[in-house]
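**Student:** A predicted structure for the sequence below; I have some questions about it.
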Amino acid sequence: MTLIERDELPSAPHGRATVPQDRHLHMLMARGANEFENLFPGLLTDMVAAGVPMLENRPDCIYFAAAGHALGTGHTLRKEFTAYVPSRPHLEWQLRRRVLELDNVEIVRGLVIEPRFEPTTQTVSGVLVAPPRRRWC
C-alpha cells in the first residue's frame, strides 16, 4: 500500500502547518483507544509513558473542563471508562511509526491532484500525483 503525503513528515511528534486543528488536544475515547490498541498492541502504554494524560473512571479524574465546557459531573460512571488526551501530532506520530513497520506499506511525498474513479464499479482505481513543490527562500 502506498500512502501519498504532501508534507515532509517529522521524525518526532511535531506539528505541521497543513494539518487542521494541529495544536488542539484530541480526546481518544475508550472505544477508539481499544480499537487502536487491538490494531497496534502497546500503543496506549507507549503514549502514557511519553506523558499523554489518561483519564480513568474515578470522580477526581473524569471532570475535564475546557473553554467553559465540562466533561463529566464528578460522579463515577456505571461502566469502566479510560480515555487518553494526546496532541494530534503525538497521536499521528505514534500511529505512523507503527504503520511504517508493516511490510507492505510505504509513504511517498507528493500531492494528489485527482482521483481516478471507475464509474461501473463505483471505486477509486488510482490517483494522479504531482511531485511536492520545493520552496525557495
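**Tutor:** The structure has been received and is ready for your questions.
**Student:** would you put the C-alpha positions of whichever helix or strand Glu37 is part of in CSV?
**Tutor:** Here Glu37 sits within helix 30-39, counting by DSSP states H and E. What follows is helix 30-39, C-alpha atoms only, in CSV (Å, rounded to 0.1, in the frame of the first residue of the first chain):
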residue,chain,number,x,y,z
ALA,A,30,-12.4,4.4,25.4
ARG,A,31,-13.8,2.5,22.4
GLY,A,32,-11.4,4.2,19.9
ALA,A,33,-8.5,3.6,22.3
ASN,A,34,-9.3,-0.1,22.5
GLU,A,35,-9.7,-0.4,18.7
PHE,A,36,-6.2,1.3,18.2
GLU,A,37,-4.7,-1.0,20.8
ASN,A,38,-6.1,-4.1,19.1
LEU,A,39,-4.5,-2.9,15.8
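**Student:** elements contacting that helix?
**Tutor:** helix 43-49, strand 82-84 (3 or more C-beta pairs under 8 Å, 6 or more residues apart in numbering; DSSP states H and E). Where C-beta positions appear, they are placed from N, C-alpha and C, glycine not excepted.
**Student:** among those, which is nearest Thr18?
**Tutor:** The closest of these to Thr18 is helix 43-49. By C-beta to C-beta, the value is 23.4 Å.
**Student:** chain center to that closest one: distance?
**Tutor:** Offset of helix 43-49 from its chain centre (C-alpha atoms, centre = their mean, to the nearest Å): 14 Å.
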